[in-house]
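J.: Dropping the sequence and predicted coords here.
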Amino acid sequence: MKISRNTTIAATILAAVSILSYSYLHRFQYSESNTITVKGLGATDFKSDLIVWEGRFTTINKTLYEAYSQLSSNREIIKEFLKRNGISEKETIFGAVSTSERTKNIYNSEGNVIGEEFIGYRLRQSVRIESRDLEKVELVSRAITEVLKSGIEFYSESPSYFYTKLQDVKLDLISKATDDAKTRANIIAKNGGASIGDLKSAQMGVFQIVGQNSNEEYSWGGSFNTTSKYKTATITMDLTYELEN
């Protein structure tokens, strides 16, 4: 009887599938360790509950006394601005004043530096706002142009966002990742004709926090986003179970 080429190919494929299926179903039986290791994922979205906004203001004057006097005056203007916009004193932290001397180079007709000229004393002070009222501070950070219009040299940073209950989030994620890993292990073992037994080991992966709907990449050392109000936290768990046939 003549067997067609297509029939031969089909038979070969069927035999290969049968062998692979048998190997898959019995691969745990002949495993040296007779264990299975799976990775589970825990993820959750949350909103930050603390905002930190920082800025700094500077003055420069020929005399140190006048520079300090101007800086003090500017500080009072900033305090009034913050108070007017609902920022309390307990939410406000003014840093220490730093002092430096400013000079400029003196050049001769050939363009060579022949000395320095003293310009004045430059004083700088920072202000930091920490609040649970995110929207209020966001509005203040955008309204800072009002201070600039007063003639104050003020540099504003973008707000940073934090969450004060990260430990609770982390514990919840560990639980979710562990449950996820166990579910995966049960499915894989069942499809292989086995069942999971005792847990042999558990290893926690890296804790990651990224902004929601962002293109941030995960890091081997862990990501910790501070630029987004809304964040996503993830953690992985590697679990190893005994297999029972």
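T.: Alright, I've got the coordinates.
J.: Please compute how far the longest helix anywhere in the chain lies from its chain's middle.
T.: The helix that spans the most residues within the chain, counting by DSSP state H, is helix 166-191. Relative to its parent chain, helix 166-191 has a centroid offset of 22 Å by C-alpha atoms, centre = their mean, to the nearest Å.
J.: any idea which helix or strand comes after that helix?
T.: Moving toward the C-terminus from helix 166-191, the first helix or strand encountered (DSSP states H and E) is strand 195-204.
J.: before we move on, back to that, which secondary structure elements does the longest helix of the chain sit against?
T.: strand 35-47, strand 195-204, strand 230-244 (3 or more C-beta pairs under 8 Å, 6 or more residues apart in numbering; DSSP states H and E). For the C-beta atoms, the positions are set from N, CA and C on the backbone; glycine is no exception.
J.: Please work out the angle formed by the directions of that helix and strand 195-204.
T.: 150 degrees (axes from the mean of the first three to the mean of the last three C-alpha atoms, to 10 degrees).
J.: Please work out the average pLDDT along helix 166-191.
T.: For helix 166-191, mean pLDDT rounds to 95.
J.: Buried residues, it. List them.
T.: 169-170, 173-174, 176-178, 180-182, 184-185, 188-189 (16 or more other C-beta atoms under 10 Å).
J.: so where is the chain shaky, pLDDT-wise?
T.: The chain contains residues with pLDDT under 70 at 1-33, 221.
J.: Can you identify each of the strands in it by residue range?
T.: 35-47, 50-61, 92-94, 98-107, 113-131, 153-156, 160-162, 195-204, 208-211, 230-244 (DSSP state E).
J.: So the residue nearest to Ser214 when sequence neighbours are not counted versus Phe46, what's the distance?
T.: Once flanking residues are discounted, Ser214 sits nearest to Ser228: 6.5 Å by C-beta to C-beta, 6 or more residues apart in numbering. Using C-beta to C-beta, to the nearest Å, we find Ser228 at a distance of 11 Å from Phe46.
J.: same deal with Gly151?
T.: Distance from Gly151 to Phe46, by C-beta to C-beta: 41 Å.
J.: Spell out which residues make up each domain of the protein.
T.: The record's domain split for the chain, according to automatic domain parsing, is 31-47+165-244, 51-160.
J.: Please tell me how far the last one is from the chain's geometric centre.
T.: Which is domain 51-160. Counting by C-alpha atoms, centre = their mean, domain 51-160 is centred 28 Å from the centre of its parent chain.
J.: try stretch 213-223
T.: 7 Å.
J.: buried ones in that stretch?
T.: Glu216, Ser223.
J.: Out of the strands of the chain, flag the one nearest Gly222.
T.: Shortest distance between Gly222 and these, using C-beta to C-beta, is found for strand 208-211: 5.8 Å.
J.: for that closest one, packing partners?
T.: Applying 3+ C-beta pairs under 8 Å, 6+ apart, one finds that strand 208-211 contacts strand 230-244.
J.: re the thing from before, can you tell me which of the strands of the chain is nearest to Glu138?
T.: strand 50-61 (7.1 Å).
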